[in-house]
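**Q** Here's my sequence, what's the structure:
(chains A, B, C, D and E)
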Amino acid sequence: MILARVCGTVVATRCTDGVPAARYLLANPTDQHGAAKSGAIIALDTVGAGIDELVLVAQGSSARQTAVSDKKAIDAVIIGIVDLVEETGTVTYRK
Amino acid sequence: MILARVCGTVVATRCTDGVPAARYLLANPTDQHGAAKSGAIIALDTVGAGIDELVLVAQGSSARQTAVSDKKAIDAVIIGIVDLVEETGTVTYRK
Amino acid sequence: MILARVCGTVVATRCTDGVPAARYLLANPTDQHGAAKSGAIIALDTVGAGIDELVLVAQGSSARQTAVSDKKAIDAVIIGIVDLVEETGTVTYRK
Amino acid sequence: MILARVCGTVVATRCTDGVPAARYLLANPTDQHGAAKSGAIIALDTVGAGIDELVLVAQGSSARQTAVSDKKAIDAVIIGIVDLVEETGTVTYRK
Amino acid sequence: MILARVCGTVVATRCTDGVPAARYLLANPTDQHGAAKSGAIIALDTVGAGIDELVLVAQGSSARQTAVSDKKAIDAVIIGIVDLVEETGTVTYRK
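**A** Numbers count the residues shown, from 1 in each chain, chains lettered A, B, ... in the order given. Predicted structure coming up:
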């Protein structure tokens, strides 16, 4: 999984049959300190993540292993809200 | 998923058995402002996207989770037309 | 899918059980003008593509969705020969 | 698979239904000498890996082929603890 | 698939349930001339490849389509030993 910070939302009303009516969030991949890296992905939100929260994103076929994304044309899903990241004994991120 | 802007079409008449007769679009991945990044992908269109529209593209096995791409040798599909992208309270793209 | 230009062949006689006896082509990913990008991939040919032809390549599990690659250890397959690429009204490639 | 060095832990208490209650480790991909490359991934630990250990990480759908990650929204799993890496007759890493 | 040159071995005795007892090789991705590119991957050997041999590597779920890797947490497998690579009529690699 990757770490990403939620930074916005995406609205798309005209969608294909394989897309669940759900909340799609714009998220910036980050390093272990929560600092944004270049690029942004769109991920289906399954946990009620809010703007600026650090989240875990699963990608690929694993993104379909939740109730809302099962058998859907979804390749990225937010699977958890990060409370804490610790690196070699030091807390690098705390919610 | 990624954001991409539709910029053209690709025609391929000699195809393998696993390829649906469908519309294949050339799309440039973009950032959250709709600005093109380098590289272009070819995605099957399932929503009737037009040139210059910002779209959501699903890739990998998830691209096969639509009626037209089911069990086909397709690894990228346009799953929705983006109406609006909002980043930390600011609209960065509106159709 | 990506665009790639066929530039050669690869011969491998000692293969594992999951590899079909087929034609494996060396292909350079290209942009929408057919200009080569760095890197080369090896893809199973399912359409009889020739040297210098621009082709569509499907990757990942979708590469197994053809008769010859079904359930095989193949992660890239040529799914079509490109006749024409058009970008914002201009033909950027014609076979 | 890739080589990675375990460098920390990630705690996420609010997770989606497809996420096993397990240990999630922060890991830096490394070269064959164990030297860190840029980027960090979050992988489910299935072997009891400790901080600073070099591990093998499987990604994508293959990450779901363990008892704990089966049918879960997990795209990276630590599958083994590396004892030794040898390159052209020279040991480049020993635990 | 990609071309890679076998350059070493990796030993990992403490592994998860989804990992076959097999030979894991360190391999450097190469271009069509057999010249190494940066990065190294760990792939399960299914063909008895030796040090310095050029091989074909399949990645992702396709890496599980061999007898030894079936349903295992393996995302890269050596599927063949390359005898010859030819580019636009010129042999660029011969075993």
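**Q** just the strands in chain A please.
**A** In chain A, the segments counted as strands under DSSP state E are A:2-11, A:14-15, A:24-29, A:41-45, A:54-59, A:76-81, A:84-87, A:90-94.
**Q** Switch those strands over to TSV; also include mean neighbour count and mean pLDDT.
**A** C-beta here means a position set from N, CA and C on the backbone, and glycine is covered the same way. Output for the strands of chain A, formatted as TSV (neighbours: other C-beta atoms under 10 Å in any protein chain shown; pLDDT from 0 to 100):
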stretch	mean neighbour count	mean pLDDT
strand A:2-11	22	97
strand A:14-15	17	92
strand A:24-29	23	97
strand A:41-45	23	97
strand A:54-59	26	98
strand A:76-81	26	97
strand A:84-87	20	96
strand A:90-94	14	95
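**Q** wait, which of those strands is closest to D:Asp17?
**A** strand A:76-81 (9.4 Å; C-beta to C-beta).
**Q** Any part of that closest one near chain C?
**A** No - Strand A:76-81 stays clear of chain C (C-beta under 8 Å from any C-beta of the partner chain), getting no nearer than 15.0 Å.
**Q** Pull up the pairing partners for that strand, direction included.
**A** strand A:41-45 (parallel), strand A:54-59 (antiparallel), strand D:14-15 (antiparallel) (DSSP bridges).
**Q** picking up where we left off before, rebuild the strands of chain A as a markdown table, extending it with distance to E:Leu25.
**A** Output for those, formatted as a markdown table (distance: least, C-beta to C-beta, whole Å):
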| stretch | distance to E:Leu25 |
| --- | --- |
| strand A:2-11 | 27 |
| strand A:14-15 | 44 |
| strand A:24-29 | 30 |
| strand A:41-45 | 32 |
| strand A:54-59 | 27 |
| strand A:76-81 | 31 |
| strand A:84-87 | 31 |
| strand A:90-94 | 34 |
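**Q** Could you list the residues of chain A in contact with chain B?
**A** Checking chain A against chain B by C-beta under 8 Å from any C-beta, the hits are A:7-19, A:24, A:26, A:39-43, A:51-52, A:60-61, A:63-64, A:71-76.
**Q** and the most centrally placed residue in chain A, what does it touch?
**A** The residue lying closest to the centre of chain A (C-alpha atoms, centre = their mean) is A:Ile78, at 3.3 Å. Contacts for A:Ile78 (C-beta atoms under 8 Å, 6 or more residues apart in numbering or on different chains) come out as A:4, A:6, A:25, A:27, A:43-47, A:49, A:55-57, D:16.
**Q** let's see 6 Å
**A** By C-beta atoms under 6 Å, 6 or more residues apart in numbering or on different chains, the residues touching A:Ile78 are A:Ala43, A:Asp45, A:Val47, A:Ala49, A:Val55, A:Val57.
**Q** And for A:Glu53?
**A** With C-beta under 6 Å, 6+ apart, A:Glu53 has these contacts: A:Val6, A:Ile81.
**Q** Over to A:Val82?
**A** A:Val82 sits in contact with A:Leu54, D:Ala12, where contact means C-beta under 6 Å, 6+ apart.
**Q** One more: A:Ala22?
**A** So A:Ala22 contacts A:Leu44, A:Val68 (C-beta under 6 Å, 6+ apart).
**Q** what separates the closest residue to A:Val77 other than its chain neighbours from A:Arg5, distance-wise?
**A** Leaving aside its chain neighbours, A:Val77 sits nearest to A:Ala63 (4.2 Å; criterion: C-beta to C-beta, 6 or more residues apart in numbering or on different chains). According to C-beta to C-beta, to the nearest Å, A:Ala63 and A:Arg5 sit 18 Å apart.
**Q** what's the answer for A:Tyr93, then?
**A** Taking C-beta to C-beta, one finds A:Tyr93 at 10 Å from A:Arg5.
**Q** Beta-bridge partners for A:Ile41, please?
**A** A:Ala27.
**Q** so it makes contact with A:Ile74?
**A** No - A:Ile41 is beyond contact range of A:Ile74, at 11.7 Å (criterion: C-beta atoms under 6 Å).
**Q** burial count for the residue lying closest to A:Thr46 once chain neighbours are set aside?
**A** In this structure, A:Thr46 finds its nearest non-sequential neighbour in D:Thr16, 3.9 Å apart by C-beta to C-beta, 6+ apart. For D:Thr16, the count of nearby residues is 24 (other C-beta atoms under 10 Å in any protein chain shown).
**Q** Contact partners for D:Thr16?
**A** A:Thr46, A:Val47, A:Thr66, A:Ile79.
**Q** Could you do A:Val55 as well?
**A** Here A:Val55 is in contact with A:Ala4, A:Ala49, A:Ile78, A:Ile81 (C-beta under 6 Å, 6+ apart).
**Q** okay, the residues you listed in a markdown table with distance to E:Gly34 next?
**A** What follows is those, written out as a markdown table (distance: C-beta to C-beta, whole Å):
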| residue | distance to E:Gly34 |
| --- | --- |
| A:Ala4 | 38 |
| A:Ala49 | 47 |
| A:Ile78 | 42 |
| A:Ile81 | 47 |
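**Q** who's in contact with stretch A:23-32?
**A** With C-beta under 6 Å, 6+ apart as the criterion, stretch A:23-32 contacts A:2-10, A:36-37, A:40-45, A:85, A:87, A:92, B:32, D:26, D:40.
**Q** Restricting to C-alpha, output it in PDB.
**A** Extracted C-alpha coordinates of stretch A:23-32, given in PDB (Å, rounded to 0.1, in the frame of the first residue of the first chain):
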ATOM      1  CA  ARG A  23     -17.200   9.300  -2.900                       C
ATOM      2  CA  TYR A  24     -14.000   9.700  -5.000                       C
ATOM      3  CA  LEU A  25     -11.200  11.500  -3.400                       C
ATOM      4  CA  LEU A  26      -8.100  13.200  -4.800                       C
ATOM      5  CA  ALA A  27      -5.100  12.100  -2.900                       C
ATOM      6  CA  ASN A  28      -1.400  13.000  -3.100                       C
ATOM      7  CA  PRO A  29       1.000  10.100  -2.400                       C
ATOM      8  CA  THR A  30       3.300  11.100   0.500                       C
ATOM      9  CA  ASP A  31       6.500   9.900   2.100                       C
ATOM     10  CA  GLN A  32       6.600   8.600   5.700                       C
END
